[in-house]
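Undergrad: give me coordinates for this.
(one chain, ligands or ions: 1)
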Amino acid sequence: MRIGSGMMRVGGLVLFVVGLAFGAGAQGTQTGAASWAASTQPRTAARPTAAAAPRSAAIRAVVAATPPMGWNSWNFFAGKVTDKDIRDTADLLVSTGMRDAGYVYVNIDDTWEGARDANGKIQSNEKFPDMKALADYVHSKGLKLGIYSSPGAKTCARFEGSLGHEEQDAATYAEWGIDYLKYDLCSYRTVMQQQAPDDPAAQNKLMREAYEKMHQAIVKTGRPMVYSLCQYGWDSVWEWGPEVGANLWRTTGDISANFDRMSAIGRSQAGLAKFAGPGHWNDPDMLEVGNGKLTLDENRTHMTLWAMLAAPLIAGNNLTEMKPEIAAILMNKEAIAIDQDALGRQGDRVFADGPLEIWAKPLKGGAGHKSAAVAIFNFGETPSEMRKDNLHLKEMGFAGAVTARDVWAGKDLGKITDQYKVTIPKHGVALLVVR
Ligand code: GAL
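TA: Numbers count the residues shown, from 1 in each chain. I've put the predicted structure just below:
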């Protein structure tokens with residue numbers, strides 16, 4: 001029985017067709033092989049429609065050809081973040097090797113904002129005495145600096161927002177040397193409700209215009225900045241994010257450092273793959289790896305899910321107390337390579353049998369061979385031996401046996417078939433690269 005786009009129920013199992021809904025007349029036995037083959041072709045960046053499109057598309061390709069990687073202050077420091085925390089983090093991104101692993105953006109989230117001066121120019125508050133000096137410091141470490149604002153009058157933490165000061169703020173960010181802006185809807189919702197009460201279509205138009213306005217303001221500065229939309233995935237933002245200049249857009253509400261929330265967010269991304277690509281990415285929120293009480297398996301599952309989703313990898317842990325096993329997860333070269341793969345394709349769910357889920361992500365591969373990352377997740381409460389579950393390689397376009405490597409085990413598996421079995425612990429994952 002067909003139960004949704006690209007998804008069918010076979011007995012008690014759910015089979016997903018990667019990258020494409022079933023065509024007209026498709027029968028229940030059809031696999032996703034054809035759609036997988038199509039999905040491994042490189043795609044061009046999102047269609048440019050705005051007036052400044054050619055220039056903004058060029059900026060997008062430069063700043064986010066692969067999903068942005070870095071660190072953001074919110075998940076651990078929240079409203080307490082200071083200039084010192086950012087400098088310490090910059091130092092640690094270098095000394096731990098995270099910068100060289102790809103984590104180059106150091107993003108200050110909400111609560112840096114001070115009052116505006118007599119000319120309306122935004123000032124940083126007492127926690128950030130000199131933003132230009134901080135940017136210089138971060139840049140001197142071979143890193144980039146990100147900042148946060150809102151199209152509303154107030155940010156979510158009720159600090160100064162950019163409403164009515166968009167061009168001025170973008171110019172100030174450029175003057176400071178900012179490389180990344182997260183623009184969070186927050187109190188702009190009030191403007192939308194006041195200007196278009198009970199009219200969702202008109203409210204959506206206002207929201208898009210507000211995001212486009214800041215995009216144009218950034219373009220006008222001439223400084224490349226990653227443009228990150230945060231409006232919690234409302235109004236199918238993935239359908240119009242690229243048109244307002246976004247390099248990434250949040251697809252969900254806030255993540256938190258527990259397995260249920262993290263895994264629910266990750267799993268909810270099924271079906272969004274076709275909206276992501278070089279320069280424009282779905283953002284299921286920043287990483288909680290190393291935060292809260294996530295176990296080692298849960299942290300690996302988190303990193304794996306985000307890598308499979310070609311999600312921005314924005315760490316959110318306190319680097320001053322990062323444990324070696326957390327560093328090993330965040331800096332696993334092969335997991336990062338899956339996320340950052342040059343093809344720029346987001347993975348999707350291929351198969352589910354209760355808590356056992358298999359996701360696949362096409363990889364660039366090499367001359368004459370196709371390659372994919374295959375993640376076998378166990379979201380359940382007891383270990384899974386995959387007793388009656390196969391890998392579903394055929395749906396990924398592989399005809400017979402494949403050569404495989406187990407990423408977290410760091411082990412070549414040689415040739416494996418669709419009957420491959422591995423025991424997956426509770427809340428754990430096996431991540432394979434096959435070709
Ligand atoms: C939320 C946003 C969080 C964080 C916070 C700051 O709206 O989703 O990621 O930025 O605001 O106040």
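Undergrad: where does the stretch 51-200 of the chain have low pLDDT?
TA: Scanning the stretch 51-200 of the chain for pLDDT under 70 picks out 51-62.
Undergrad: look up how far Gln419 lies from the closest residue to Val434 other than its chain neighbours.
TA: Spatial nearest neighbour of Val434, excluding adjacent residues (C-beta to C-beta, 6 or more residues apart in numbering): Val402 at 4.1 Å. Where you see a C-beta, it was placed from the backbone N, CA and C, and this is true even at glycine. Distance, Val402 to Gln419, using C-beta to C-beta, to the nearest Å: 12 Å.
Undergrad: mind listing the helices for the protein?
TA: Counting by DSSP state H, the chain has helices at residues 33-39, 53-63, 74-77, 83-95, 98-101, 131-140, 166-176, 188-195, 200-221, 237-240, 259-267, 296-308, 324-330, 333-339.
Undergrad: contacting residues for Ile218?
TA: 170, 173, 181, 225, 227, 245 (C-beta atoms under 8 Å, 6 or more residues apart in numbering).
Undergrad: try it again at 7 Å.
TA: By C-beta atoms under 7 Å, 6 or more residues apart in numbering, the residues touching Ile218 are 170, 181, 225, 227.
Undergrad: then Ala246?
TA: The contact partners of Ala246, taken as C-beta under 7 Å, 6+ apart, are 211, 227, 229, 280.
Undergrad: go with 6 Å
TA: With contact taken as C-beta atoms under 6 Å, 6 or more residues apart in numbering, Ala246 is in contact with 227, 229.
Undergrad: quick one, phi psi at the residue of the stretch 151-300 of the chain found nearest the ligand?
TA: Residue nearest to the ligand within the stretch 151-300 of the chain (C-beta to the nearest ligand atom): Cys156, separated by 3.3 Å. Backbone torsions for Cys156, taken as degrees, to the nearest 10, come to phi -60, psi -30.
Undergrad: skipping its backbone neighbours, what lies nearest it in space?
TA: By the measure of C-beta to C-beta, 6+ apart, the closest residue to Cys156 outside its immediate chain neighbours is Cys186, 4.2 Å from it.
Undergrad: and the gap between that neighbour and Thr155?
TA: Cys186 sits 5 Å away from Thr155, going by C-beta to C-beta.
Undergrad: and what of Val226?
TA: Counting by C-beta to C-beta - Val226 and Thr155 are separated by 19 Å.
Undergrad: between those two, who's got more neighbours?
TA: Val226 (26 against 22; other C-beta atoms under 10 Å).
Undergrad: partners of the more buried one in the sheet?
TA: As for beta bridges, Val226 partners with Tyr180 under DSSP bridges.
Undergrad: residue numbers of the stretch 151-300 of the chain in contact with the ligand?
TA: Residues of the stretch 151-300 of the chain found near the ligand (C-beta under 6 Å from any ligand atom) are 155-157, 184, 230, 254.
Undergrad: if we can go back for a sec, select from the contacts of Ile218 the one having the most neighbours.
TA: Neighbour counts for the contacts of Ile218 (other C-beta under 10 Å) peak at Tyr227, which has 27 neighbours.
Undergrad: hang on, the earlier thing: what subset of the residues of the stretch 151-300 of the chain next to the ligand is buried?
TA: Buried members of these, counted by 16 or more other C-beta atoms under 10 Å: 155-157, 184, 230.
Undergrad: so of these, which ones are in strands?
TA: Among these, DSSP state E puts 184, 230 in strands.
Undergrad: which of the buried ones among the residues of the stretch 151-300 of the chain next to the ligand sit farthest apart?
TA: Farthest-apart pair in those is Ala157 and Cys230; separation 12.8 Å (C-beta to C-beta).
Undergrad: local confidence estimate at the most centrally placed residue in the chain?
TA: Nearest to the mean C-alpha position of the chain, by C-alpha atoms, centre = their mean, lies Ala311 at 2.7 Å. Note on Ala311: pLDDT of 99.
Undergrad: now do the same contact list for it.
TA: Per C-beta under 6 Å, 6+ apart, neighbours of Ala311: Pro284.
Undergrad: hmm, 10 Å instead?
TA: 67-68, 248, 251, 265-266, 269, 276, 281-287, 305, 339, 346-347 (C-beta atoms under 10 Å, 6 or more residues apart in numbering).
Undergrad: need the nearest residue in space to Asp297, chain neighbours excluded.
TA: With sequence-adjacent residues excluded and distances taken as C-beta to C-beta, 6+ apart, Asp297 is closest to Gly428, at 3.8 Å.
Undergrad: look up how far the ligand lies from that neighbour.
TA: 27 Å (C-beta to the nearest ligand atom, to the nearest Å).
Undergrad: circling back to that earlier point, just the contacts of Ala311: which are in strands?
TA: 248, 281-283.
Undergrad: neighbour count: Val402 and Gln419, which is higher?
TA: Neighbour count, other C-beta under 10 Å: between Val402 and Gln419, Val402 has more, with 24 against 11.
Undergrad: the more buried one against Met396, yeah?
TA: Yes. The criterion here is C-beta atoms under 10 Å, and Val402 meets it with Met396 at 9.0 Å.
Undergrad: so what sits against both of these two?
TA: 370, 372, 374, 434.
Undergrad: the stretch 301-435 of the chain: strands as residue ranges?
TA: Taking DSSP state E, counting those that start in this stretch as the test, the strands found in the stretch 301-435 of the chain are 313-315, 348-353, 356-366, 369-378, 402-406, 411-416, 429-434.
Undergrad: pLDDT on the second one, on average?
TA: Per-region confidence: strand 348-353 scores 97 on mean pLDDT.
Undergrad: what strands line up against that strand, and which way round?
TA: Partners of strand 348-353 in the sheet, by DSSP bridges, are strand 13-16 (antiparallel), strand 356-366 (antiparallel).
Undergrad: what's the nearest residue to the single nearest residue of the stretch 1-150 of the chain relative to the ligand if we skip its chain neighbours?
TA: The minimum distance from the stretch 1-150 of the chain to the ligand, using C-beta to the nearest ligand atom, falls at Asp110 (3.5 Å). Take Asp110 and drop its neighbours on the chain: the residue closest to it by C-beta to C-beta, 6+ apart is Ala157, 4.4 Å away.
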